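S.K.: Make a model of this:
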Amino acid sequence: MKRVVLCVICALALVAPAATAQDAPAEIPPGWRTGVVAKLAGSQVGFSNWQGGGINSLAFTAGVEGESKKESVRLKQKVNLRLSIGAIKQDTLSLRKAEDAIFAAYVVRYKGDGFFAKWNPTFAADLRTQFLEGFDYGSQPEERVSDLFAPAYLTQALGLTYGIDDWFSQRFGFGAKQTVVTIEELRASYGFQDDELDKSARLEAGIESQTQLTREIFKNVIYKSTLSLFAAFNNADKPDAIWENLLTMKVNDWLQTNFEMILLFDDDVKKEIQLKEVFSVGVAFTLL
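M.R.: The predicted model follows:
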């Protein structure tokens, strides 16, 4: 586990000085441009002597999204961070987790000449995990199925990116993926083989692709989509895929509606496509 994290940190540390070194002749003003938004949404349903019936419930979600960009004549860097947590309380049931995600990503693109002016050499790294324990509430007794860094997915990619302004980009290249599960009894559920159960991380190498799209389809209605594919060399016919879709409808500067849908396929974990949907109406505050 420590070696995996160290490799990621070292890779980022090697890229960052290179970026600084090539910024000297830049005509674009230096410095990072950062934006951070906090979001809060909730709902409450209560009944008393209600003939139609129903269940009392209370739910909330909170999150922070941040993006930081820096561009020079030759380099284009971007850092993304998304944190979210949510819970729901229904009638006599205990408080249960409804939303839980940690995502961090770093991308640096080199803007060269000729062929490399359109297809930019790119290094990317990201991390996905969660804050709290997750349970299968359908089992009796309730079974723990996840936790902080159980699992965590770390990926690194080295390849070429084709981009159109800031609304579309397509990346192809070689990739590495580490599946980290710090809790031994959960490792078999995330694709660890019998001879790997004493290890906290499983390493795969292969080919990766990422397609990103961001468009304002109507006034104050923004659609963001990211399709990430990873085909391990030893299992190329069953690539891992995660397709993230977010539709944001802004009522005004602080009130907005979000619809998020995520499709996930990982043959090591489940043979079926996993689906997650979140619909929320809440407030958003710009922090930076």
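S.K.: tell me the contacts of the residue nearest to Y162 when sequence neighbours are not counted?
M.R.: Counting by Cβ to Cβ, 6 or more residues apart in numbering, Q170 is the residue found nearest to Y162 once chain neighbours are left out, at 4.9 Å. In this view, the C-beta of every residue, glycine as well, is placed from N, C-alpha and C. Contact criterion Cβ atoms under 8 Å, 6 or more residues apart in numbering gives T161, Y162, G163, S209, Q210, T211, Q212 as the residues in contact with Q170.
S.K.: For Q170, what is the enclosing helix or strand?
M.R.: Following DSSP states H and E, one finds Q170 within strand 168-180.
S.K.: Show me where the protein has its strands.
M.R.: Listed in chain order, the strands found in the chain under DSSP state E are 33-45, 57-71, 75-90, 96-110, 119-129, 134-136, 143-146, 152-164, 168-180, 201-218, 221-232, 240-250, 255-265, 274-286.
S.K.: Report the separation between F60 and Q44.
M.R.: For F60, the distance to Q44 equals 9 Å [Cβ to Cβ, to the nearest Å].
S.K.: The closest residue to N220 other than its chain neighbours pairs with what?
M.R.: Leaving aside its sequence neighbours, N220 sits nearest to K250 (Cβ to Cβ, 6+ apart; 4.3 Å). Beta-bridge pairing of K250, defined through DSSP bridges, involves Q256.
S.K.: now do V281
M.R.: With beta bridges defined as DSSP bridges, V281 has these partners: T257.
S.K.: ok, it touching K39?
M.R.: No. Using Cβ atoms under 8 Å, V281 and K39 do not qualify as a contacting pair, with a distance of 10.7 Å.
S.K.: neighbour-wise, which of the two wins?
M.R.: Using other Cβ atoms under 10 Å as the criterion, V281 and K39 rank with K39 on top: 17 against 13.
S.K.: Now do the contacts for that one.
M.R.: T61, A62, G63, V64, E65, N258, G282, V283, A284, F285.
S.K.: can you check G175 too?
M.R.: When contacts are counted by Cβ under 8 Å, 6+ apart, G175 is found next to T155, Q156, A157, L158, G159, A205, G206, I207, E208, F230.
S.K.: so how far is L229 from it?
M.R.: Remark: distance between G175 and L229 (Cβ to Cβ) = 9 Å.
S.K.: Then F168?
M.R.: In terms of Cβ to Cβ, F168 sits 17 Å off from L229.
S.K.: Of the two, which one has the most company?
M.R.: Neighbours were counted for F168 and for L229 using other Cβ under 10 Å; L229 has more, 18 against 14.
S.K.: Nearest residue to that one in space, please, no chain neighbours.
M.R.: Nearest non-adjacent residue to L229, counting by Cβ to Cβ, 6+ apart: S209, 4.5 Å away.
S.K.: What residue, apart from its backbone neighbours, is nearest the most centrally placed residue in the chain spatially?
M.R.: In the chain, the centroid-proximal residue (Cα atoms, centre = their mean) is F103; its distance is 4.3 Å. With Cβ to Cβ, 6+ apart as the measure, R82 is the residue that lies nearest to F103, at 4.4 Å, once sequence neighbours are left out.
S.K.: what about that neighbour, distance to E185?
M.R.: R82 sits 29 Å away from E185, taking Cβ to Cβ as the criterion.
S.K.: Equivalent analysis for D147, please.
M.R.: Computed with Cβ to Cβ, the distance linking D147 and E185 is 11 Å.
S.K.: neighbour count winner among the two?
M.R.: Higher neighbour count among D147 and E185: D147, with 18 against 10, using other Cβ under 10 Å.
S.K.: rewinding a little: could you tell me which strands the strand holding Q170 is paired with, and in which direction each runs?
M.R.: Applying DSSP bridges, strand 168-180 is found paired with strand 152-164 (antiparallel), strand 201-218 (antiparallel).
S.K.: Show residues contacting the first one.
M.R.: To tie it back to what came earlier, the one meant is strand 152-164. When contacts are defined by Cβ under 8 Å, 6+ apart, strand 152-164 is touched by residues 4-5, 8, 11, 109, 118-129, 169-182, 208, 210, 230.
S.K.: repeat that for 6 Å
M.R.: Identification of contacts with strand 152-164 by Cβ atoms under 6 Å, 6 or more residues apart in numbering yields 8, 109, 119-120, 122-129, 169-178, 180, 208.
S.K.: Lowest-scoring secondary structure element of this protein by mean pLDDT?
M.R.: Here the helix or strand of the chain ranked lowest by mean pLDDT, DSSP states H and E is helix 2-22, holding a mean of 41.
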